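In: Attaching a predicted model along with its sequence, questions to come.
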Amino acid sequence: MRDVKRVTRTILQKASSALLLLLLCACGGTLFHTFSPLDGEWHRGTAVEFVYGGQEYYNGKCGVKVEARTDVAYRYKDLVVRAEFFDMCDSLIAVDTFALAVYGDEGLRVGSTAGMLYQGGSNILQPDISSRDSLVIRLYHLMPDEVLEGVHDIGVKLVDID
């Protein structure tokens, strides 16, 4: 009976993941997707900066996802990141907080793997950054450690959702 429940749960998880992927694809295209290396250490107060130079102008709402690749040195269940969004004149447009699951409830790593790194991401949020042709995004970790170890690199993904 446990095996049947486990198989059913696995099928439902895969089906819901496929549905989510289809919805994301149907909502719009990826405008920007890039990573910045951290070499396993991220100092508190140090911004990781990304510049979206308007490769594709979006005239509507934009979804934002934060992604990270971590290794075995990362010791927390989640990674909490503050994102600040600026225009090209360095005026603050919006601020949001993203939570990335690193370990699941059973203590197993979450996300996809490539060798010794695990990649996971946050949910797509919609900060008020609509109708921009350029954008500066600064990420800061909000974790307790002064020097956060085990984060190999951090990335952002902008998705046109209109």
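Out: Perfect, I can see it now. Numbering: from 1, shown residues only.

In: could you pull out the strands for the protein?
Out: Using DSSP state E, the strands found in the chain span residues 30-37, 41-43, 48-52, 62-70, 78-86, 92-101, 112-114, 117-121, 135-141, 147-149, 151-160.

In: Quickly, which of these bottoms out on average pLDDT?
Out: Lowest mean pLDDT within the strands of the chain: strand 112-114, a mean of 78.

In: List the strands paired with that strand, with their directions.
Out: Strand 112-114 has the following sheet partners, assigned by DSSP bridges: strand 117-121 (antiparallel).

In: what about the residue nearest the centre of the chain, distance to residue 145?
Out: Nearest residue to the geometric centre of the chain (CA atoms, centre = their mean): residue 66, 1.8 Å. Separation of residue 66 from residue 145 (CB to CB, to the nearest Å): 18 Å. The C-beta positions use only the backbone N, C-alpha and C, and glycine is treated the same way.

In: ok, back up a step: just confirm the residue nearest to the centre of the chain contacts residue 158, I think it does.
Out: No: contact criterion CB atoms under 8 Å: residue 66 and residue 158 do not qualify, at 10.8 Å.

In: Among the strands of the chain, show me which one is buried the most.
Out: Burial of the strands of the chain is given as mean neighbour count (mean count of other CB atoms under 10 Å); strand 62-70 ranks first at a mean of 24.

In: about what we covered before: how about the residue nearest to the centre of the chain: what's its closest non-neighbour residue?
Out: residue 98 (4.2 Å; CB to CB, 6 or more residues apart in numbering).

In: ok, that neighbour - contacts?
Out: 64-66, 80-83, 122-123, 125 (CB atoms under 8 Å, 6 or more residues apart in numbering).

In: Make TSV from these and add distance to residue 107 to it.
Out: Shown next, in TSV, are the contacts of residue 98 (distance: CB to CB, whole Å):
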residue	distance to residue 107
64	29
65	25
66	23
80	19
81	22
82	27
83	28
122	20
123	22
125	27
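
In: of those, closest to residue 39?
Out: residue 81 (17.3 Å; CB to CB).

In: what separates that closest one from residue 149, distance-wise?
Out: From residue 81 to residue 149 the distance is 16 Å (CB to CB).

In: Same question for residue 121.
Out: In terms of CB to CB, residue 121 sits 20 Å off from residue 149.
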